[in-house]
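A.B. asks: here is a sequence with its predicted model. Questions after.
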Amino acid sequence: MNKEELIFVKRAESIGSGFHKMINGWNQHYGLKPSIEGDFDYYKITFPGIITHKTREKTREKLIDLIKSNPKITTGELAKELGITVKGVEWNINKLKKEGGIKRIGPDKGGHWEVVRK
């Protein structure tokens, strides 16, 4: 083994040595294990996100405020203002509708939102 090969082997031995620290740290802090996928030449580690009740409530409050200020606001505009996906807006709207917080008046195109309570 020549000098260059020896240096390469030493570097390769230390590649990935921090994975277990990240995975164990995430699990200890959040109580959730990251998922690990891999093949011969790659690893994919997905760290599950944490959405707290407080974050959800703030998002809903902002959503209601936006609807109050513009009852004809679209889900796309809400998503942009809130910094979440359209799917996330739809999920929050569905929750608020089920809870009786908002309702839709008229059709999807041409209708508007009404805040029932806040």
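C.D. replies: Great, that's in hand. The model shown is predicted, which means the values in this text are computed figures rather than measured ones.

A.B. asks: any idea how many residues pack against the closest residue to residue 85 other than its chain neighbours?
C.D. replies: Nearest in space to residue 85, with sequence neighbours left out and distances taken as C-beta to C-beta, 6 or more residues apart in numbering, is residue 79 at 6.0 Å. Bear in mind the C-beta positions are built from the backbone N, C-alpha and C, glycine included. Using other C-beta atoms under 10 Å, the number of residues around residue 79 comes to 16.

A.B. asks: residue 41 too?
C.D. replies: 5.

A.B. asks: three-state assignment of it?
C.D. replies: Classification of residue 41 into helix, strand or coil gives coil, according to DSSP: H, G, I helix; E, B strand; the rest coil.

A.B. asks: pretty sure the residue nearest to residue 85 is in a strand, no?
C.D. replies: No - with three-state DSSP as the criterion, residue 79 is helix rather than part of a strand.

A.B. asks: wasn't residue 72 part of a strand?
C.D. replies: No - per three-state DSSP, residue 72 lies outside any strand segment and is coil.

A.B. asks: just to revisit the earlier point, right, and the residue nearest to residue 85 touches residue 90 too?
C.D. replies: No - with contact defined as C-beta atoms under 8 Å, residue 79 does not reach residue 90; the gap is 9.0 Å.

A.B. asks: any idea how far the longest helix seen in the chain is from the chain center?
C.D. replies: Under DSSP state H, the helix in the chain containing the largest number of residues is helix 53-69. In terms of C-alpha atoms, centre = their mean, to the nearest Å, the gap separating the centre of helix 53-69 from the centre of its chain is 16 Å.

A.B. asks: mind listing residues that contact it?
C.D. replies: Around helix 53-69, the neighbours that count as contacts under C-beta atoms under 8 Å, 6 or more residues apart in numbering are 73, 77-78, 81-82, 84, 88-89, 92-93, 95-96, 101-102, 113, 115, 118.
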